[in-house]
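Q: predicted model, plus sequence, below.
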Amino acid sequence: MMQQKKFTGKVYLKKGQTIHVKIKRLGINGEGIGYYKKKIIFIPGALPKEFVKAKITESNRNYAKAKLLEIVEKSSQRVNPADHYDVGGIELEHLNYDAQLDFKRDVILQALEKFKPRGYEKIELRKTIGMDDPYHYRNKAAFQVRMTKTGKLIAGLYKPESHHLVDLPTFETQRKLTLEIIRKTLALMEKWHVCAYDERTNKGTVKTLVVREAFATKEAQLVFVTNERFIAHASEIAAELRNEFPQLVSVMQNYNPGKTSLVYGDETTRIFGRDYIIEKLGDVSFKLSARAFFQMNPIQTKKMYDEVKQALNLKQGEILVDAYCGVGTIGLYCGKEAGLVLGMDVISEAIADAKENAAMSGIKNVVYEEGDAKEIFAKWEKAGQKFDALVVDPPRTGLDDETIEVILRNKPKKFVYVSCNPSTLARNLVSLVSKYDVSYIQPIDMFPQTARTEAVVKLDLRPE
């Protein structure tokens with residue numbers, strides 16, 4: 001007698017298979033999440049409460065990914081997006097803005113529920129601070145440059161999970177001037193026969209065009225990121241660009257040869273004008289060199305720094321440490337009342353800019369050092385340097401364990417954590433709440449139309 005196979009309850013989906021799914025919620029990357037016979041399905045472009053038709057693009061043991069084919073039942077929160085490109089950076093453009101703000105608060109809540117730092121259920125998680133106009137806010141464009149099979153130069157972003165470049169003559173979250181400079185630069189490259197980089201052969205000159213615009217001064221900077229040291233007719237191109245765009249005060253070249261995932265190399269030289277542009281937040285000026293980090297949304301940046309300043313509530317004479325200081329933005333904006341601001345960053349150009357930014361604004365109560373946060377902390381600790389307040393604005397990887405140990409040993413009374421990644425924030429809080437209580441978390445929408453969210457977290461040292 002033949003023995004029948006026991007049903008295991010597992011669902012096997014084939015690539016290319018068409019399914020119908022009810023969407024339950026949004027994932028942390030803004031994709032729709034549904035379940036097909038209890039298997040989780042990720043469908044970019046789908047929204048909660050929608051019933052959709054989708055085609056399986058990737059099938060794994062515990063989950064599958066699918067492409068949205070048809071919306072059978074549409075969400076009331078769906079809107080017509082301003083852009084219709086299949087690229088990153090606009091993954092929530094089809095969701096109305098109020099719902100985007102709710103989602104960004106919910107992503108932080110999901111992270112807290114996943115990592116469960118002590119007392120997380122009682123943390124005050126405030127409503128997300130949004131924008132009046134959630135478009136035209138990106139002050140910087142970094143577009144890859146390639147040549148099509150027909151010989152046309154294009155510049156834009158890659159399709160998700162691919163190396164297919166999408167030409168972006170328009171992009172509604174981007175500042176108009178940055179796009180205009182990129183399009184004119186492409187035309188001049190064609191005119192002067194400047195070659196684009198070819199990934200297949202690892203030959204060609206221009207890899208990336210980076211344009212940054214200062215909101216306050218209207219100054220702009222163009223950076224050619226190149227595979228070769230020499231750019232043919234670079235001075236002629238710069239001169240023509242300057243004639244059309246008087247705002248363009250800086251044209252630079254960054255040498256970054258070979259295949260690499262990094263946008264910039266280590267060597268930057270000037271083609272025309274200054275090495276920097278100047279931006280302002282409030283009454284503080286910031287000199288921005290080509291590789292210097294500065295938030296891409298100055299309007300929301302001021303709101304965020306106002307939140308940091310309020311949370312720190314610095315008093316006369318207090319010592320503030322500005323970790324991951326970049327060009328000095330947070331410390332200079334928030335630390336005027338402090339007796340001393342100590343800043344640190346790993347990028348030498350950023351530290352140089354921070355020092356000049358302080359000088360430009362007449363701020364003298366600052367000291368900056370180049371180096372890794374944990375190493376500088378250890379150096380200061382060994383020298384007996386105490387501090388009253390701390391603000392950290394780490395990269396998406398969050399604080400490393402050694403830096404957290406230094407913080408917990410020094411126990412600054414005032415502590416503000418600026419986060420750009422809810423997951424690493426929640427994971428760091430698991431350790432930090434051993435000595436701190438989380439007073440509140442204030443989400444801020446720095447990147448409308450995307451799934452990214454930032455937050456200002458006020459931590460209070462518990463009495464021993």
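A: Happy to help now that I have it.

Q: mind listing what residue 224 touches?
A: 206, 208-209, 231, 234, 251-254, 271 (C-beta atoms under 8 Å, 6 or more residues apart in numbering). No exception for glycine: its C-beta is placed from N, CA and C like everyone else's.

Q: identify the bridge partners of it.
A: According to DSSP bridges, the partner residues bridging residue 224 are residue 209, residue 253.

Q: now what about stretch 164-174, what contacts it?
A: Here stretch 164-174 makes contact (C-beta under 8 Å, 6+ apart) with 82-83, 85-87, 89-90, 93, 135-138, 141, 143-144, 146, 154-159, 179, 183, 447-449.

Q: on that earlier part again, with respect to residue 187, which of the contacts of residue 224 is nearest?
A: The shortest approach to residue 187 among the contacts of residue 224 belongs to residue 209, at 12.1 Å (C-beta to C-beta).

Q: so the closest one touches residue 184, yeah?
A: No. Residue 209 is beyond contact range of residue 184, at 10.5 Å (criterion: C-beta atoms under 8 Å).

Q: these two: who's more crowded?
A: Comparing residue 209 with residue 184 by other C-beta atoms under 10 Å, the one with more neighbours is residue 209, at 22 against 17.

Q: which parts of the longest helix seen in the chain are buried?
A: Determined from DSSP state H, the single longest helix within the chain is helix 97-115. For helix 97-115, burial by neighbour count (16 or more other C-beta atoms under 10 Å) applies to 97, 99-112, 115.

Q: just stretch 222-237 next, same as before
A: 222-227, 231, 234, 237.

Q: stretch 335-345 now?
A: The neighbour-count check on stretch 335-345 (16+ other C-beta under 10 Å) flags 335-336, 338, 340-345 as buried.

Q: what of stretch 76-93?
A: Neighbour-count burial for stretch 76-93 [16+ other C-beta under 10 Å]: 77-78, 83, 85, 87, 89-93.

Q: would you list every one of the strands in the stretch 351-464 of the chain?
A: Assigned by DSSP state E, counting those that start in this stretch, the stretch 351-464 of the chain shows strands spanning 366-370, 389-392, 414-419, 436-444, 454-461.

Q: how about the ones you listed in a markdown table, adding mean pLDDT and mean neighbour count?
A: A markdown table is the format used below for these (pLDDT from 0 to 100; neighbours: other C-beta atoms under 10 Å):
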| stretch | mean pLDDT | mean neighbour count |
| --- | --- | --- |
| strand 366-370 | 94 | 17 |
| strand 389-392 | 96 | 25 |
| strand 414-419 | 98 | 24 |
| strand 436-444 | 98 | 21 |
| strand 454-461 | 97 | 22 |
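
Q: for the nearest residue to residue 117 once chain neighbours are set aside, what are its contacts?
A: Closest residue to residue 117 apart from its sequence neighbours, by C-beta to C-beta, 6 or more residues apart in numbering: residue 429 at 3.8 Å. By C-beta under 8 Å, 6+ apart, residue 429 lies in contact with 112, 115, 117, 120, 438, 457.

Q: switch the cut-off to 10 Å
A: Contacts for residue 429 (C-beta atoms under 10 Å, 6 or more residues apart in numbering) come out as 111-112, 115-120, 123, 398, 417, 419, 436, 438, 441, 457, 459.

Q: thinking again about what came up before, ok, so of the buried residues of stretch 76-93, who is nearest residue 296?
A: Ranked by distance to residue 296 (C-beta to C-beta), those are led by residue 89 at 10.2 Å.
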